[in-house]
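Undergrad: give me the fold of what follows.
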Amino acid sequence: MTPQQYGPLIGIGIALVIILLRNQKPRPLRIQYMWVAPVLVALGIGFGLWGMSQAPGAGHAAFGPGAWAILAGGVILGAAAGYQRGRMTTIERTPEGGLQAQASPLGIILIVALIASRSLLRPWLETHAGAWHLNALAVQDAFLLFAAAMVIVQRVEMVIRARRILAGKPDDHVEAAPAV
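TA: Below you'll find the predicted structure:
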């Protein structure tokens, strides 16, 4: 690995430590603002995909069926990961009637693993994509679509669960602790 490849990995490691320390205690959950992150992520990734196609010298040929399958796979896997991550988030009702949420460390590690794998796979894809008959740009775009689908589906799952809890219904994703 080159020193340029270590930089993002060091940043990811530092961010992981900060995020894990920050998520040790529950934080207030405001469902009225849960739409903001998916919109910002969708806009950011949408502009990123558009910007990559507008870069000088970027021969962005039309995607074939294989490339579309790679993109669809990224979205489907991202949606599945987002659903799991949303399920792993603990949501509790406070005595004041509000909600608190605590992200699972496993869900955070999933995001970090995605970013790290994207950084580590980039050099390999650049050299081996042709031999495997892969569209390297489609694989890179699939990673971005994976992240977008994960954030969007996670928030949708959390909103559904939060509304159910506010309505007084039990949360199906949390098992009751056995009585001692």
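Undergrad: so, low pLDDT: which residues of the protein?
TA: Along the chain, the model assigns pLDDT under 70 to residues 1, 5, 53, 55-62, 132, 172-180.
Undergrad: SS state for S117?
TA: Put simply, S117 is helix when judged by DSSP: H, G, I helix; E, B strand; the rest coil.
Undergrad: OK, contacts around it?
TA: For S117, no contacting residues are found, by Cβ atoms under 8 Å, 6 or more residues apart in numbering. Where you see a C-beta, it was placed from the backbone N, CA and C, and this is true even at glycine.
Undergrad: against A42, how distant is it?
TA: In this structure, S117 lies at 22 Å from A42, with Cβ to Cβ, to the nearest Å as the measure.
Undergrad: run a quick neighbour tally on R155.
TA: In terms of burial, R155 registers 21 neighbours under the definition other Cβ atoms under 10 Å.
Undergrad: the one 3 residues further on now?
TA: When counting by other Cβ under 10 Å, one arrives at 22 neighbours for M158.
Undergrad: ok, it touching T90?
TA: No - here M158 does not reach T90: they are 10.5 Å apart, not a contact under Cβ atoms under 8 Å.
Undergrad: which residues do the two both contact?
TA: With the criterion set as Cβ under 8 Å, 6+ apart, the overlap between the contacts of M158 and T90 is A101.
Undergrad: please, where are all the strands along this protein?
TA: Taking DSSP state E as the criterion, the chain carries its strands at 27-29, 90-93, 99-102.
Undergrad: wait, which of these is closest to P170?
TA: With Cβ to Cβ as the criterion, P170 lies closest to strand 90-93 of these, at 10.9 Å.
Undergrad: ok now the closest one, how far from the chain's centre?
TA: In terms of Cα atoms, centre = their mean, to the nearest Å, the gap separating the centre of strand 90-93 from the centre of its chain is 21 Å.
Undergrad: in terms of secondary structure, what does it contact?
TA: With contacts taken as 3 or more Cβ pairs under 8 Å, 6 or more residues apart in numbering; DSSP states H and E, strand 90-93 sits against strand 99-102, helix 136-166.
Undergrad: tabulate those in TSV, adding columns for distance to Q4.
TA: Output for the helices and strands packed on strand 90-93, formatted as TSV (distance: least, Cβ to Cβ, whole Å):
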stretch	distance to Q4
strand 99-102	36
helix 136-166	17
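Undergrad: can you pull out the helices in this protein?
TA: Under the criterion DSSP state H, the chain carries helices at the ranges 3-22, 36-54, 65-88, 105-128, 136-166.
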